[in-house]
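A.B. asks: Below are the sequence and a predicted model; questions follow.
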Amino acid sequence: MPIRTCLQDNSAFEPEAIAAMSRALEETCEALHINGKIHHREVIAARIIDLARDGVIDATALRRRVLAEMEAMRSL
């Protein structure tokens, strides 16, 4: 599932940002061993999109942020 399917307005992001967000989604899902679980991918995609709207566009930074947030939630 490409991240584009979760974007309501593709024009809000430059093509380079969408590519970085897509890469972050794939790498994050791979790190979390989320393969065919569409709902989980959608949740992660939504968080990546939120972070990108706040100005985090780098794929590595997006992946690290989401993974750190997931780890923090597990420790609660």
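C.D. replies: Thanks, I have it.
A.B. asks: Identify each of the helices in this structure and give its residue range.
C.D. replies: 15-31, 38-53, 59-74 (DSSP state H).
A.B. asks: okay, these in CSV with mean neighbour count and mean pLDDT next?
C.D. replies: C-beta coordinates here come from the backbone N, C-alpha and C atoms, glycine included. Converted to CSV, these look like this (neighbours: other CB atoms under 10 Å; pLDDT from 0 to 100):
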stretch, mean neighbour count, mean pLDDT
helix 15-31, 18, 95
helix 38-53, 17, 94
helix 59-74, 15, 95
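A.B. asks: got the ones you listed as TSV, with distance to Cys6 columns?
C.D. replies: As requested, the helices of the chain are arranged in TSV below (distance: least, CB to CB, whole Å):
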stretch	distance to Cys6
helix 15-31	9
helix 38-53	4
helix 59-74	13
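A.B. asks: right, and these - which one's nearest Thr5?
C.D. replies: helix 38-53 (8.1 Å; CB to CB).
A.B. asks: For the residue nearest in space to the middle of the chain, give its distance to Pro2.
C.D. replies: Centroid-nearest residue in the chain: Ile48, 3.2 Å away (criterion: CA atoms, centre = their mean). Noted for Ile48: a distance of 12 Å to Pro2, by CB to CB, to the nearest Å.
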